[in-house]
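In: okay, predicted coordinates and the sequence, questions at the end:
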Amino acid sequence: MVGAGISTPSGIPDFRSPGSGLYSNLQQYGLPYPEAIFELAFFSHNPKPFFTLAKELYLRSCRPNVIHYFLRLLHDKGLLQRLYTQNIDGLERAPVILKPIPDIMNLTYKQSALFNHDLAASGSPHPCAYSASGIPASKLVEAHGSFASATCTVCQRPSPGKDIWADVTEDRIPRCPVCTGIVKPDVVFFGEALPQRFLLHVLDFPMADLLLILGTSLEVEPFASLSEAVQSSVPRLLINRDLVGPFAWRPRSRDVVQLGDVVHGVERLAELLGWTQELQDLIQQETEKLDGRDK
């Protein structure tokens, strides 16, 4: 489970840090209150602030950091069951776009695995300027959505996220070619349902033999409650700036907590696992790829 704290080292602001968080820097958009930028009612009559913010985030062209690559290394070693992220920046994902997921609640775990294999094989280019760390879609649950796809707010016509960025970067409101409704990136606003893919937690968490929680305040539900969805015998490792959620008010006997800088905590974990050189090699390999692509 990861949150904004793993992306701030890449230059992406979090939401709640006093003075530097996203909510502290939204005055320029003329909002009645900061959270309005992610409310459908406000968006429907004034979408400009959201798309201005989206443009600002898009043009940052941020890159993954050591935390993202540690998670990628877990995947490469066959140790990552699933990555649940609150982030909408796309830094965790491989360059693919998720297909609509079938009714997960009616799938057996084997059927779910087969679906995920099909999902991972269906890629198309990532629409955002962000460079992704390469974790395949089959391993990723973007609980709060992403900019990788978009939907018309009127006729519900879906489209790849890349289709709206020409308008967004030119300060135009993206419109549906069918009904002229506003096309909204599939970022989850307040009051919206989480993506169907989030339901995979019903299968994933009871099977986990370790839960890593990195860089999150564990304040936003229902994501926060996932931290208690693993069996009581399963160790939970929190690497975070602060003591949060059940680690503060209902700790378990097998909980482990590393407080402070998340990057340093992850680097220390890699060191204890004997993975420091592998992690450095992966970062160098992927950085060279990104440097070559950006030339």
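Out: Nice, I can see it.

In: hey, let's count contacts and neighbours off CA atoms from now on
Out: Noted.

In: where does the stretch 51-200 of the chain have low pLDDT?
Out: Counting by pLDDT under 70, the stretch 51-200 of the chain shows low-confidence ranges at 59-61, 94-131.

In: just checking, what's the longest strand in this protein?
Out: Of all the elements of type strand in the chain, the one with the most residues (DSSP state E) is strand 145-152.

In: which helices and strands sit right next to the next helix or strand after it?
Out: Downstream of strand 145-152, the first helix or strand assigned by DSSP states H and E is strand 158-160. Using 3 or more Cα pairs under 8 Å, 6 or more residues apart in numbering; DSSP states H and E as the contact definition, the elements that strand 158-160 packs against are strand 145-152.

In: same thing but 10 Å
Out: Packing contacts for strand 158-160, counted by 3 or more Cα pairs under 10 Å, 6 or more residues apart in numbering; DSSP states H and E, involve strand 145-152, strand 183-187.

In: who does the first one pair up with?
Out: So that's strand 145-152. strand 158-160 (antiparallel), strand 183-187 (antiparallel) (DSSP bridges).

In: rewinding a little: for Thr276, find the nearest of the helices and strands packed on strand 158-160.
Out: Proximity of the helices and strands packed on strand 158-160 to Thr276 was assessed by Cα to Cα; the nearest stretch is strand 145-152, lying at 30.5 Å.

In: just how off-centre is the closest one within its chain?
Out: 13 Å (Cα atoms, centre = their mean, to the nearest Å).

In: that older thread, for the helices and strands packed on strand 158-160, which one ends up most surrounded?
Out: With neighbours taken as mean count of other Cα atoms under 10 Å, those reach their highest mean count in strand 183-187, at a mean of 24.

In: tabulate the strands paired with strand 145-152 (TSV), appending distance to Glu221.
Out: Listed next are the strands paired with strand 145-152 as TSV, based on distance: least, Cα to Cα, whole Å:
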stretch	distance to Glu221
strand 158-160	26
strand 183-187	16
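
In: looking at the ones you listed, which is nearest to Glu286?
Out: With Cα to Cα as the measure, strand 158-160 is the member of these nearest Glu286 (25.1 Å).

In: elements contacting the host helix or strand of Glu56?
Out: In the assignment (DSSP H and E), Glu56 maps to helix 48-58. Based on contacts counted as 3+ Cα pairs under 10 Å, 6+ apart, the elements that helix 48-58 packs against are helix 40-45, helix 165-169, strand 183-187.

In: returning to what we had before: out of the strands paired with strand 145-152, which comes closest to Ser146?
Out: Taking Cα to Cα as the criterion, strand 183-187 is the member of those that comes nearest to Ser146, at 4.9 Å.

In: now do the closest one against helix 48-58, angle only.
Out: Our comparison of strand 183-187 with helix 48-58, counting by axes from the mean of the first three to the mean of the last three Cα atoms, to 10 degrees, yields an angle of 60 degrees.
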